[in-house]
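In: would you be able to build a 3D model of this:
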Amino acid sequence: MAAKRALTPKEANLFKDLLTLYETRQLKKGLKTADQILKKFPEHGETLCMKGLILTHMGQRDEGIDLVKKGMRLDLTSHIVWHVFGLIQKGEKNYEEALKSYTQALRFDKDNINILRDAAQLQTQLRLYDSLVETRYTLLKLRPTLRQHWVALAVAYYLNGNLDQAKNVMEKYESILKNIPDYDVEHSETLLFHVRVLEALEEHSQALSLLDTNAKERAIVDKTAIMEYRARLLSASSSTTGEAQEGEGEASAAWHTLIDHNSENIDYYYGYLASLGLHPTLSPSYDSTKALETLQTLSTALPRASFPRRLALTLAPSPSSEDTNGTFHTLAKPYILTALQKGIPSLFVDLKSLYTDQGKMEAIQGIVEDVLRSFDSEDTSNAEIDRDPSMYIWTLYFLAQHYSYLASHPTLPQPSSPPYIPSSSSSSTPPNPSPYPTQSHSLHLISLAISHTPTLPDLHLLQSKILKRAGDPYGAATAVNRARELDGQDRFLNGKTGNALMRAGLVKEASGAPGEVGSGSGGGGGQQGKGGVLGVFTKKDAASPASDLEDMQSLSYLLEEADAQRRTAPSNLGLALKRYLAVQKIFTEIQDDQYDFHGYCLRKFTINVYLNLLTWEDSLLLHPAYLKSAISASQIFVYLHDGTLFPSFGILGGAGKDRGGSGSKGGKGGKGGKGGAGEMTDAEKKAKKKAKKAAAAQKEKAKEREKEEGKKAPQAANEDKGLEPPAPKDDDPDGTKLLVCEDPLERAAKLLAPVVKLLLSKKDKTSKGKNASQKRMKGYGEIEFWVTVYDVAVRRKKFLQAIQALTQAHTLDPEHPEVHLRLIHASKTVSSFSSSSPPSETITSTFSSQLSNLLPSTISPETHNSQYLQKHSKNARAILASAKALEMLGSSTKEEVETVVFGMLGSGAGAEGVHVDVETALEGLGYLYSLASDEKAEEFRVKCDERFVSSTVFKSEQEQGKLRDAVREEVTRLPGEEKEKGDGEVSG
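Out: Okay, the predicted model is just below:
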């Protein structure tokens, strides 16, 4: 090997030139130089690797990688060979294997700066902080005169949790610095990092001294950071040392300075209250009266600041309990009236967090209803209320949101007084009297507002939202499209219209993609062209609006279309899965994008924001979009494994018997399927034909683009195309290959595993980190996540993972319907352990003992299910879960299960007063179809249609087809064409 590596002096110099040419990216000259060396030494491994690396940069990837592998075989003891191979693997995002190659290279050249630096970045990317400390320490020993290496070592210690070592490194580093100019930003960042380390060590006095000294000497230039650190350190110092008024007064003064600096920062106000001992949760002697007086003082001093007045509403006592003087009402009334007079659309969003307190919710409702009454009455003596027409509009707007929100969240406290319906004349019919808010009340109010001012897009947008909640996706799409037509240049309204159309099953009209429900006519024409509504603002030279939106990482679009494809037809399930996986790909790209910052931020000394970035990246996969896509894709993979009929979910999902089963059974298999998707309807066959035609057209366009790119290729032969592989060609535009994958459960487990690891690791860290993770999970239910983990694990026969997931879900909510259903399934799983191929005795005993903590073994599953049904007899989702459990247990007849399902609608003895929403009723309908109970399902559908007056999803398929055609005609209508219906009329 060593003999093959030896070069003559001339070729050795050429090899040095080759390395220089590669570093300066003179690829064409470098390739010629490599060829010169290989003419005399064709088996020189290092040169072969360098030539392969250059070819890879020039776009000749396959040939380049073959040369690199050939060079490796010829010289396995060269650090250059392993370094090149590591670079190739890093370009492919294969960070683990790249790090192994770098480690191998360091065996043969342990002091190579470039390899050590690259290895350190990979260790940070993979969060291998123990190894990172060693690498950074080696770099510092090799180049102790570089400031970057000192700071990088301190950062490595900090990330690894060795705060004392980080402190020592920073102190040594600062002691050897000389001739530092004033206002040096890089030095300022290192000093702030030093303060950060001391704060983490809880050495507050030392940190405060370091901060004040360097701030006075103009060494730290970030004034906001100085004030924030100083306020936090003073507060922490006074709380830990127990010093009296002097320290506390200095801390409150520091927080007050910050409030003057930025009067809308929530953290500053809570810090100020905490420094005065008035924090609502942290202060043991909290006094709400003093806190409100403090906030009133701040409001007087800062009249333009709205947050102190808003915070006072949160801290004020509830009007229904100890607030005998009407404090909340006194504070809330001017706040609400001012916002209504100014016409602030976000007022309801600002106040709805107070609705968990019934007294505050009723007080807010009373204030706004009084404003609306003043417009109905002849009395104009109330000087507090400005009878301006715009205030009337925003009052109706607020109350419509208020009633709709309460109607769609029945778990919130409901008002004791009935909703107020104004006596204003209108073409809309007043809703039937009801003691509680309903969507009909909201629709009546927003119709009044639209008839008063039909040119305000916000009103139509809210009408669409109310109709969606009421179960009318077709009317919602029509309403939001009218808002879009009022402002054709508004991207937000355009996006909202696209989402509403997809919820109505009109995917083609939304984005030009195949998959709409029903045949219909006229798709893709009109003012939005072939790309649908969303194609108005996408690139005109893109293959399709869908591809452009995916390239732009539009999470809302991808999730909405995936849900729409999942709802419409079995033939579109592959495309739904493809969209969910596209969301996963986006988050993978975001994680990969942080790699370049590991070197850049240390070079530029932007240390503190870099550490914040790493903290954010560590919790990235708790983003609601990632969780939703992972859960939904995993559910589809589970159904593929079970071989049941493809289920439909949500709006449009349960109203047709051809839509498949519910898919909620815990065991393998299920009724209504024989291992496939079932026969497609005529509409689904037509949709599939359209999809094939669209795919063929896209292939033709792709070929034309390839020809054009091929003509331009010779001109770009010298360009550096990087080491990243080109984007693979999409040979599965419809996702059909995903539906026939051989390992659906393994793919689902791969999607869920990173989040499982992240959540379990959070529990071993500080309570602050845990709370942060829980806060991120609130966007998409954590119970649904753990239930999905259980479903995948139990089918993979990973019983310990399954019981761990079930325990986590049970801890969050032991009475959740999905948790109850999995408990019943787990009990059946235990009873099946004695069958063929049981797991080991250790696994069996652990699973059984853990399950006994959740479901006592003294109670049979049948008894537990019966008790659960009695306990939650007013909860529709619990009733449906009990029905599914009855079928799973196999101890009840089909008629008994159907009777329980009908209990969701208040049928049967003792079932009156059951609250059921549209989504739950649709799930019940789909479940009845999965039982092959067509007659009962039809009866259930008719009952739901009678119960949900404003809903259209329980109409017959023929009626829904007409509604879809009406929406399609509305959307594709050319500007200036007359509408067939009145401006205020909405379908359904």
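
In: got any ranges where the stretch 701-850 of the chain has weak pLDDT?
Out: Residue ranges of the stretch 701-850 of the chain with pLDDT under 70: 701-719, 763-780, 834-838.

In: go again with 90.
Out: Scanning the stretch 701-850 of the chain for pLDDT under 90 picks out the ranges 701-742, 759-782, 828-849.

In: all helices for it, in order.
Out: With DSSP state H, counting those that start in this stretch as the criterion, the stretch 701-850 of the chain has helices at 736-739, 744-762, 767-777, 782-795, 799-812, 817-831, 841-854.

In: would you mind listing the buried residues in the second one?
Out: It refers to helix 744-762. Neighbour-count burial for helix 744-762 flags 744-745, 747-749, 751-752, 754-756, 758-759, 762 (criterion: 16 or more other Cβ atoms under 10 Å). Backbone N, C-alpha and C define where each C-beta goes, glycine included.

In: ok so, going back, nearest to Asp75, of the helices of the stretch 701-850 of the chain?
Out: helix 744-762 (36.3 Å; Cβ to Cβ).

In: circling back: for Ser571, find the nearest of the helices of the stretch 701-850 of the chain.
Out: That would be helix 736-739 among the helices of the stretch 701-850 of the chain, by Cβ to Cβ, at 9.0 Å.

In: which residues of the stretch 451-600 of the chain score low on pLDDT?
Out: Within the stretch 451-600 of the chain, the stretches with pLDDT under 90 are 488, 508, 510-532, 535-548, 551, 567-573.

In: 70 instead, please
Out: In the stretch 451-600 of the chain (pLDDT under 70), the answer is 513-531.

In: domain parsing for the protein?
Out: As given by automatic domain parsing, the domain ranges for the chain are 1-110, 316-454, 617-625+645-690+739-971.

In: okay, those in JSON lines with distance to Lys721 next?
Out: As requested, the domains of the chain are exported to JSON lines (distance: least, Cβ to Cβ, whole Å):
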{"stretch": "domain 1-110", "distance to Lys721": "4"}
{"stretch": "domain 316-454", "distance to Lys721": "47"}
{"stretch": "domain 617-625+645-690+739-971", "distance to Lys721": "27"}
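
In: how much space between the closest residue to Gln801 other than its chain neighbours and Asp551?
Out: Spatial nearest neighbour of Gln801, chain neighbours left out: Ala793 (4.0 Å); criterion: Cβ to Cβ, 6 or more residues apart in numbering. As judged by Cβ to Cβ, to the nearest Å, Ala793 and Asp551 stand 35 Å apart.

In: quick one, helices of the stretch 201-350 of the chain?
Out: For the stretch 201-350 of the chain, applying DSSP H, counting those that start in this stretch gives helices covering 204-216, 223-241, 245-261, 266-275, 288-301, 307-315, 327-342, 347-351.

In: can you list contacts of the first one?
Out: Under the criterion Cβ atoms under 8 Å, 6 or more residues apart in numbering, residues 191, 194-195, 198-199, 220, 226, 229-230, 233-234, 236-237, 240 lie in contact with helix 204-216.

In: output that helix as CSV, nothing but the C-alphas.
Out: Taking Å, rounded to 0.1, in the frame of the first residue of the first chain, the C-alpha atoms of helix 204-216 are listed here in CSV:
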residue,chain,number,x,y,z
HIS,A,204,-25.7,35.4,40.2
SER,A,205,-23.5,37.9,42.0
GLN,A,206,-20.5,37.0,40.0
ALA,A,207,-22.5,37.1,36.8
LEU,A,208,-23.9,40.5,37.7
SER,A,209,-20.4,41.9,38.5
LEU,A,210,-19.1,40.6,35.2
LEU,A,211,-22.0,42.1,33.3
ASP,A,212,-21.9,45.6,35.0
THR,A,213,-18.1,45.9,34.7
ASN,A,214,-18.0,45.1,31.0
ALA,A,215,-21.1,47.2,30.2
LYS,A,216,-19.4,50.2,31.8
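
In: follow-up on the earlier one: between Ala793 and Asp551, which is the more surrounded one?
Out: Ala793 (23 against 14; other Cβ atoms under 10 Å).

In: picking that back up, out of the contacts of helix 204-216, the closest to Val916 would be?
Out: Ala236 (51.0 Å).

In: tell me the contacts of the closest one?
Out: Counting by Cβ under 8 Å, 6+ apart, Ala236 touches 199, 202, 204.

In: same check on Ala476?
Out: By Cβ under 8 Å, 6+ apart, the contact set of Ala476 is 464-465, 467-468, 500, 503-504.
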